[in-house]
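[1] quick one: sequence and predicted model below, then my questions.
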Amino acid sequence: MKFSFVDPVNKKTLILPVPPSSMTVTMGTKVMTFEPTVLGEIELPRGRKPISFSLEGMLPGLNQSISDRDSDISPESVIEKIRSWTESKRPGGKELRFIVTGTDWNIPVFLRDIEPEYSGGYGDIKYTMFLTELRPFTVKEVKRTTSGKKESRPSKPTPKVHVVVKGDSLWKIAKKYKRKGNDWRELWNANKKNLKSKNPNLIYPGEKLIIPAGWLK
């Protein structure tokens, strides 16, 4: 059983060196809930939810003596490639085809997130990966009707403040609020005048960071 991802644009395939230790698949039906005064609560099905996958496993270092690898790509290269997919600017995420040989799983997905954990002395990387079925959607244009009432302007949003805790880094904070750890420099430039250290690798618990506009989820 091989686990692979195919990029439909350049037709390149990434095969995980070894299968994940577990894969959780979540499927279900969308439900719309009403609470009529007389009838009480009513639930009506509203179509199918996108299928989601959670994969957990380990990418073994190249020095590990594993004879039945499915590919010889290094763990670092796998993580770097997957991270580039999560940072795709395409609306809805980077389109991929997720294929598991020996099963019926061969569907379009986007990679929602990956959580790598570096462990051991052999260059192994443990990971948890989250995939979501990519389904086509259309955007309908809705014409606004004008009325004699003057529209009220929305109030200016209050800036979001992140209080640094032990173990934080600019990369982790950027990943949390923007899902793009590589944009930590934007966070640094917005806050460096108010931080104790002029080194972006040194932030201290208790320091307050203003999250740039547009980063909020």
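    It's in.
[2] quick check: longest helix of the protein.
    If you go by DSSP state H, the chain has its longest helix at helix 75-86.
[3] export that one as CSV, just CAs?
    Extracted in CSV, the C-alpha atoms of helix 75-86 (Å, rounded to 0.1, in the frame of the first residue of the first chain):
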residue,chain,number,x,y,z
PRO,A,75,12.3,13.6,5.3
GLU,A,76,13.3,17.3,5.1
SER,A,77,12.5,17.3,1.3
VAL,A,78,9.0,15.8,2.0
ILE,A,79,8.2,18.4,4.7
GLU,A,80,9.5,21.3,2.6
LYS,A,81,7.4,20.1,-0.4
ILE,A,82,4.3,19.7,1.7
ARG,A,83,4.7,23.1,3.4
SER,A,84,4.9,24.7,-0.1
TRP,A,85,1.5,23.2,-0.8
THR,A,86,-0.1,24.7,2.4
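[4] run through who's touching it.
    Outside helix 75-86, the residues within contact range by C-beta atoms under 8 Å, 6 or more residues apart in numbering are 5, 14, 16-17, 59-61, 93-94, 96, 110-114, 116, 123-125, 127, 129, 179-181. Glycine gets a C-beta too; all of them are placed from N, C-alpha and C.
[5] do that again at 7 Å, thanks
    Identification of contacts with helix 75-86 by C-beta atoms under 7 Å, 6 or more residues apart in numbering yields 14, 59, 61, 94, 96, 111, 113-114, 116, 123-125, 179.
[6] same check on stretch 182-202?
    In this structure, residues lying in contact with stretch 182-202 by C-beta under 7 Å, 6+ apart are 87, 170, 171, 173, 174, 203, 204, 207, 209, 210, 212.
[7] show me which of those is closest to residue 65.
    Of all the contacts of stretch 182-202, residue 65 sits closest to residue 171, with 33.0 Å by C-beta to C-beta.
[8] that closest one: what's it in contact with?
    Contacts for residue 171 (C-beta under 7 Å, 6+ apart) come out as 181, 184.
[9] is it fair to say it lies in a strand?
    No - counting by DSSP: H, G, I helix; E, B strand; the rest coil, one finds residue 171 to be helix, located in no strand.
[10] could you check how far it is from residue 130?
    Going from residue 171 to residue 130 by C-beta to C-beta, to the nearest Å gives 19 Å.
[11] ok, residue 202 - how many residues close by?
    11 (other C-beta atoms under 10 Å).
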